[in-house]
Structure formats: structure tokens, C-alpha cells
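J.: dropping a prediction and its sequence here:
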Amino acid sequence: MTAHILYVDDEPHNLSAFTATYRRLYKIFTAESAEEGRKILETEEIHIIITDQRMPKTTGVEFLASIIEKHPEPIRMILTGYTDIDAVIDAINKGEVYRYIQKPWMEEDLRINIEKAYEIYTLRKENKELTEKLLIANEQLEFLLRQNLLS
């Protein structure tokens, strides 16, 4: 399976450049605002969310923090041309951000970070599925033990 990436940025040329660079490697969804990003999250299975930090109505951290409850699974990354330590701290604490990457991004570095993020997404999903199977198996075992004790 290929990674499904949502990239949110208010600058259309950044969205175009990202799509042109990575469209052969991943399934790319783009949005020019947090609101557009939320709509895509409602209709598509997204594995990785990459967002610009500085956007007109909502910062990247605010967007990521606002979707955590409804969409906790995607791995989150922030791209920004600014170095603001408070934004970095907020990103980690409020937005549960995996990576904070400087613009302009280096194509290979960003690709490696996307690959690592997708690996984490996949491992978390597998872990969740195995945990659910283990719980079911445990319940079945407890049932069988009770049956043996009663007979």
C-alpha cells in the first residue's frame, strides 16, 4: 500500500511543487486551508498530514490540535519557513507533531521523513490490530477455562 498524504498550505505554488515532486511515490491530497483539510479528512483515508505553520486563519499547530480527537491515527508534520521555538513547543505538545521541517524542504530529506512517518503509521496500525486480536483470544480463553471449571 502507498502512503496517503494530506498537505495543507495556503500557498498554491507550494502545493503544486509538493504534488509534482511526490505524486509518483504517494497518493497526494492538497488543501489551501484548514477547513479544506478537514473536509478531505472526512472523506479520505489519510496516513500522514503535513501542514504549513503560518496560514491566515489557522496555524498548522491549531489545525493539527483541532483534528486529534476525531482523527488520531495520521502522523503529523509541520513545514515552515520560520523558526519560532514557541511554535515548535506548541507543535509537539498540542499538535502531537512527529517532525518539524524547515522550508524550503530538501526533497530527499522530506521523502525520508515521509517514509519514516509511514512506517510508524503502519506499525501503530498493526500493533492496534494485534492488540485487538489478543484481547479477543484472551476473552475466548477465559470463557473456555470457566466452562472447564464448571463441568
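T.: Arrived safely.

J.: where along the protein do the strands fall?
T.: 4-8, 27-31, 48-52, 75-80, 97-102 (DSSP state E).

J.: top helix in the protein by residue count?
T.: helix 107-150 (DSSP state H).

J.: residues contacting stretch 53-67, please?
T.: 8-10, 33-35, 37-38, 41, 49, 51-52, 76, 78-82, 84, 87, 90-91, 94-97 (C-beta atoms under 8 Å, 6 or more residues apart in numbering). For every residue, glycine as well, the C-beta is placed using N, CA and C.

J.: average pLDDT for that stretch?
T.: The average pLDDT within stretch 53-67 is 92.

J.: what are the buried residues along it?
T.: By 16 or more other C-beta atoms under 10 Å, the buried positions in stretch 53-67 come out as 53-55, 58-67.

J.: now do that stretch: distance to the chain's middle.
T.: 14 Å (C-alpha atoms, centre = their mean, to the nearest Å).

J.: CA atoms only: put that stretch into PDB for me.
T.: Taking C-alpha atoms only, stretch 53-67 is exported to PDB below (Å, rounded to 0.1, in the frame of the first residue of the first chain):
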ATOM      1  CA  GLN A  53       2.600  26.500  10.300                       C
ATOM      2  CA  ARG A  54       1.800  30.100   9.200                       C
ATOM      3  CA  MET A  55      -1.600  30.300   7.500                       C
ATOM      4  CA  PRO A  56      -4.000  33.200   7.500                       C
ATOM      5  CA  LYS A  57      -6.900  31.900   9.600                       C
ATOM      6  CA  THR A  58      -5.500  28.900  11.500                       C
ATOM      7  CA  THR A  59      -1.900  27.900  12.300                       C
ATOM      8  CA  GLY A  60      -0.700  24.500  11.500                       C
ATOM      9  CA  VAL A  61      -0.500  23.600  15.200                       C
ATOM     10  CA  GLU A  62      -4.100  24.800  15.700                       C
ATOM     11  CA  PHE A  63      -5.300  22.700  12.800                       C
ATOM     12  CA  LEU A  64      -3.500  19.600  14.000                       C
ATOM     13  CA  ALA A  65      -4.700  20.100  17.600                       C
ATOM     14  CA  SER A  66      -8.300  20.500  16.300                       C
ATOM     15  CA  ILE A  67      -8.300  17.200  14.500                       C
END
